[in-house]
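1. coords please:
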Amino acid sequence: MKAIWNNQIVAESIDTVIIENNHYFPPESIKSEYFKESETISACHWKGSAHYKTLVMDGEINVDAAWYYPEPSALAKGIAGYYAFWNGVKIEE
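-> Below is the predicted model of the structure:
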């Protein structure tokens, strides 16, 4: 699977985990040069606290386009550190 934004692949893996129709990409699969830390944190009642990253590329900024759970609940431990995307990031095979 590939996560694509601004015509660039920002993550690619054959080992994504699908939860609630979102592909979660392993941390080693992201192209870290495109990611910037965000201060945004949200809560999921069963996964825990989601932290966000902003995509920055070629002068374009996509605020909070990726999220991950650095310390998920026991129910979601399989996606610890994995990244999911939204806000215009396309997921393709």
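2. separation between the residue in the chain sticking out farthest from the centre and H51?
-> In terms of distance from the mean C-alpha position of the chain, G59 ranks first, at 20.2 Å (CA atoms, centre = their mean). Distance, G59 to H51, using CB to CB, to the nearest Å: 25 Å. In this view, the C-beta of every residue, glycine as well, is placed from N, C-alpha and C.
3. same check on S13?
-> With distances taken as CB to CB, S13 is found 19 Å from H51.
4. average model confidence for stretch 60-72?
-> Per-residue pLDDT over stretch 60-72 has a mean of 98.
5. and that stretch, how far out from the chain middle?
-> Taking CA atoms, centre = their mean, to the nearest Å, one finds stretch 60-72 lying 5 Å from the centre of the chain it belongs to.
6. same thing with stretch 25-33?
-> Put simply, stretch 25-33 sits 9 Å off its chain's centre (CA atoms, centre = their mean).
7. in the host helix or strand of A84, what counts as buried?
-> Assigned by DSSP states H and E, A84 falls within strand 83-85. Across strand 83-85, burial judged by 16 or more other CB atoms under 10 Å covers 83-85.
8. packing partners of it?
-> strand 2-5, strand 8-12, strand 22-24, strand 60-68 (3 or more CB pairs under 8 Å, 6 or more residues apart in numbering; DSSP states H and E).
9. measure stretch 78-85 end to end?
-> Start-to-end span of stretch 78-85 (CA to CA, to the nearest Å) is 17 Å.
10. who touches it?
-> Residues outside stretch 78-85 that contact it (CB atoms under 8 Å, 6 or more residues apart in numbering): 3, 5, 10-11, 16-17, 19, 22-27, 29-30, 47, 53, 65-72, 91.
11. check the offset of that stretch from the chain's centre.
-> When distances are taken as CA atoms, centre = their mean, stretch 78-85 is centred 6 Å away from the chain's centroid.
12. what does the average pLDDT come to for it?
-> 97.
13. ok so, going back, next helix or strand past the strand holding A84?
-> Using DSSP H and E, the helix or strand that follows strand 83-85 towards the C-terminus is strand 90-92.
14. what is the rounded mean pLDDT of that next one?
-> Across strand 90-92, the average pLDDT comes to 98.
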